[in-house]
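Engineer: sequence and computational prediction follow.
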Amino acid sequence: MSTQFYNSLTKKKETFKPIEAGKVKLYTCGPTVYDMAHIGNFRAFMFEDLLKRYLLLKGFEINHIMNITDVDDKTIKRSFDENIPITELTKKYTDRFFEDLKVLKILPANIYPKATDHIPAMVRMIENLVKNNNAYITDNGSVYFAIDSYHDYGQLINLDFSQQKRTNRISSDEYTKDKPQDFVLWKSWKEEDGDVFWESPWGKGRPGWHIECSAMSTEYLGNHFDIHCGGVDNLFPHHENEIAQTICATGEPFVNIWMHCEYLTVERGKMSKSQGNIFRISDLVEKDFSGETLRYILLNTHYRSKLNFTMDKKHEAVQVVQRITDLYDRLLSINKTVENDGSLPEEYSQFEDALDNDLDTPGALAVFFEWVRKTNIKLDSGSLREKEAVTGLNFLDKVNSIFDLIQEKIEIPKEILDLVNIRQKARQKNDWVLSDKLRDKIYDLGWTVEDTLTGQKCKPLKS
RNA sequence: GGCGUCGUACCCAAGUGGUUUAAGGGGGCGGUUUGCAAAACCGUUAUUCACCGGUUCGAAUCCGGUCGACGCCUCCA
């Protein structure tokens, strides 16, 4: 089966074929670092991580660029409100963003370009657009893109501007534009911008939001590259505008495949500060969600389906993570004298087929769990051959390279180990009363002990 | 008002014309195992895919309608 991805541009699944054989140029819209990102933001980043991990599994070499938006209305307002320099604000939240990525085990991008480091490239692009008559300059020194100059405008989303609901923003805000739907490329300086501005041929100001992604993506990946991702909310206006301005500026094809992941909702609605239902990664870590459990929750729903995040999803995730980790431990503990020939179980091809089908993670997990059950049966009966243990570990490595759900080993503290050893002696003497008492004590200290055929197995309490 | 997505068991969630008289996970119940547990495993939990019509030899899957949920229409992952 060929690898197929749903392309938002053509609205159907397409066989993936990179521009350059064996290499993928990937651009993903990154965070605006005016505040901490929340679980909804990270759903998109997790989806992109999944995409990237799968392409890596398929053997592609990937150049992944993720931008950091460190100047926009929100960053300026926030730095003003908090009375700290904008660079200090954005540094703080950029650092927090990277910490969260680590918690979620999201693989790092090759480069994280910052918008403020690429103003000249944006200015050059805007100059091109002005030169090509795709953009116009207003009296106050702002530059707008004229959407009428790009006839293919509206490929990602079907919008009938004549039927558009009139919002306050359109009617009151942008009176200097030729057409309400024209979007800003360069925003002229206003008093509330303070010292946040750059010099340009049109006077001092700052770039519009959309132009940064156009400038940075083409700078690092070339004018024409393979995949561009984001959340569905980026479809319009962000990506629609990006397409228009980039194609008009470069005169070349832009992106082959646009991929968007659906919303994450909380209690069936959008997260919003007014409702107090924003979950940040650090909040969830405090509530005992691990990176693995969050990964399972986010990856157990197909990326193009809505995902309703609730606290009670934790239980299922915890169980699954533990089950997989336990199986991994069981296979590891088998003495293996055979050489690893890289073999994989027959389920592997179905696993890959599921992911080939537009990253069907629930389908892939279903195949995987069938295999987990079969393997546990063999383990229980002692009929698993050494060779199968090796093959199984190979499969787990592959699965883990995508899902990354196996928990890292935590060293058992000496205090616990001592109790386990005392318990061992008690058990040899059939002193069940003491044995059970010690088990309770170990439990109270945050650990569990299971009595297996090969002796006691100690692990931290699930969270 | 315009555009669009979705509605599958107690919960989560694949499947989008025939190998499905509907995967997988969690939970419940009943077992095997265990000194007892835990873990693992076995059985069970939707004759049915929001509802009503239609197309077809055949539909959860296609078409029309109804109801319900959600999103976009220039802040948004």
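Structural biologist: Structure received.

Engineer: do you have the helices of the stretch 201-350 of chain A handy? List them.
Structural biologist: Counting by DSSP state H, counting those that start in this stretch, one finds helices in the stretch 201-350 of chain A at the ranges A:209-221, A:240-250, A:281-286, A:291-299, A:313-332, A:347-356.

Engineer: out of those, which is closest to residue A:437?
Structural biologist: Each of those has some distance to residue A:437 by Cβ to Cβ; the shortest is helix A:313-332, at 24.9 Å. To be clear about C-beta, it is placed using only N, CA and C from the backbone, and glycine gets the same treatment.

Engineer: contacts for the closest one, please.
Structural biologist: A:287-290, A:292-294, A:296-297, A:300, A:372, A:375-376, A:379, A:389, A:392-393, A:396, A:405-407, A:457, A:462-463 (Cβ atoms under 8 Å, 6 or more residues apart in numbering).

Engineer: show me how to select, in PyMOL, the buried members of the residues you listed.
Structural biologist: The command below creates a PyMOL selection of those among these that count as buried (16 or more other Cβ atoms under 10 Å):
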select buried, chain A and resi 289+290+292+293+294+296+297+300+372+375+379+389+392+393+396+405+406+407
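
Engineer: of the contacts of helix A:313-332, which are in range of RNA strand B?
Structural biologist: Here is what survives when those are matched to RNA strand B using Cβ under 7 Å from any atom of the strand: A:300, A:372, A:376, A:379.

Engineer: contacting residues for residue A:208?
Structural biologist: Applying Cβ under 8 Å, 6+ apart, the residues near residue A:208 are A:183-187.

Engineer: low-confidence stretches in chain A?
Structural biologist: For chain A, applying pLDDT under 70 flags the ranges A:162-176, A:268, A:272-275.

Engineer: care to break it down by domain?
Structural biologist: As given by automatic domain parsing, the domain ranges for chain A are A:4-261, A:281-403, A:414-460.

Engineer: quick check: end-to-end length of stretch A:242-256?
Structural biologist: 13 Å (Cα to Cα, to the nearest Å).

Engineer: buried stuff in it?
Structural biologist: Buried, per 16+ other Cβ under 10 Å, within stretch A:242-256: A:242-250, A:254-256.

Engineer: could those residues go into CSV alongside distance to RNA strand B?
Structural biologist: CSV is the format used below for the buried residues of stretch A:242-256 (distance: Cβ to the nearest atom of the strand, whole Å):
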residue, distance to RNA strand B
A:242, 11
A:243, 14
A:244, 11
A:245, 12
A:246, 16
A:247, 17
A:248, 16
A:249, 18
A:250, 21
A:254, 17
A:255, 15
A:256, 19
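
Engineer: return the closest of those residues with respect to residue A:18.
Structural biologist: Within the buried residues of stretch A:242-256, the smallest distance to residue A:18 is 8.2 Å, found for residue A:256 (Cβ to Cβ).

Engineer: could you pull up the residues touching that closest one?
Structural biologist: So residue A:256 contacts A:7, A:19, A:224-227 (Cβ under 8 Å, 6+ apart).

Engineer: can I have the buried ones of the residues you listed as a ChimeraX selection?
Structural biologist: A single ChimeraX command is used to select the members of those judged buried by 16+ other Cβ under 10 Å:
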select /A:7,224,225,226,227
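
Engineer: greatest separation within the contacts of residue A:256: which pair is it?
Structural biologist: Farthest pair in the contacts of residue A:256 (Cβ to Cβ) is A:7 and A:224. Separation: 15.2 Å.

Engineer: any idea which residue sits dead centre in chain A?
Structural biologist: residue A:45 (1.6 Å; Cα atoms, centre = their mean).

Engineer: put the alpha carbons of the strand or helix carrying that residue into PDB.
Structural biologist: Taking DSSP states H and E as the criterion, residue A:45 maps to helix A:39-57. Once non-C-alpha atoms are left out, helix A:39-57 reads as follows in PDB (Å, rounded to 0.1, in the frame of the first residue of the first chain):
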ATOM      1  CA  ILE A  39      -3.400  21.200  25.200                       C
ATOM      2  CA  GLY A  40      -5.300  22.300  22.100                       C
ATOM      3  CA  ASN A  41      -2.300  23.900  20.600                       C
ATOM      4  CA  PHE A  42      -0.300  20.700  21.400                       C
ATOM      5  CA  ARG A  43      -2.800  18.500  19.600                       C
ATOM      6  CA  ALA A  44      -1.600  20.200  16.400                       C
ATOM      7  CA  PHE A  45       2.000  19.800  17.400                       C
ATOM      8  CA  MET A  46       1.400  16.200  18.400                       C
ATOM      9  CA  PHE A  47      -0.200  15.500  15.000                       C
ATOM     10  CA  GLU A  48       2.800  17.000  13.300                       C
ATOM     11  CA  ASP A  49       5.100  14.900  15.400                       C
ATOM     12  CA  LEU A  50       3.100  11.800  14.400                       C
ATOM     13  CA  LEU A  51       3.400  12.800  10.700                       C
ATOM     14  CA  LYS A  52       7.100  13.300  11.100                       C
ATOM     15  CA  ARG A  53       7.800  10.100  13.000                       C
ATOM     16  CA  TYR A  54       5.900   8.100  10.400                       C
ATOM     17  CA  LEU A  55       7.900   9.700   7.600                       C
ATOM     18  CA  LEU A  56      11.100   8.900   9.500                       C
ATOM     19  CA  LEU A  57       9.900   5.300   9.900                       C
END
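
Engineer: residues contacting the closest residue in space to residue A:8 that isn't next to it in sequence?
Structural biologist: Residue nearest to residue A:8 in three dimensions, not counting chain neighbours: residue A:258, with 4.2 Å by Cβ to Cβ, 6 or more residues apart in numbering. Contacts for residue A:258 (Cβ under 8 Å, 6+ apart) come out as A:7-9, A:156, A:227-229, A:239.

Engineer: quick one: residue A:221 and residue A:27 touch, right?
Structural biologist: Yes. Counting by Cβ atoms under 8 Å, residue A:27 is a contact partner of residue A:221 at 6.0 Å.

Engineer: what's the overlap in contacts for those two?
Structural biologist: residue A:65.

Engineer: more crowded one of these two?
Structural biologist: residue A:27 (26 against 22; other Cβ atoms under 10 Å).

Engineer: just checking the strand or helix carrying that one against RNA strand B, any contact.
Structural biologist: Following DSSP H and E, one finds residue A:27 within strand A:23-28. No. Strand A:23-28 is not in contact with RNA strand B by Cβ under 7 Å from any atom of the strand; minimum separation 8.6 Å.
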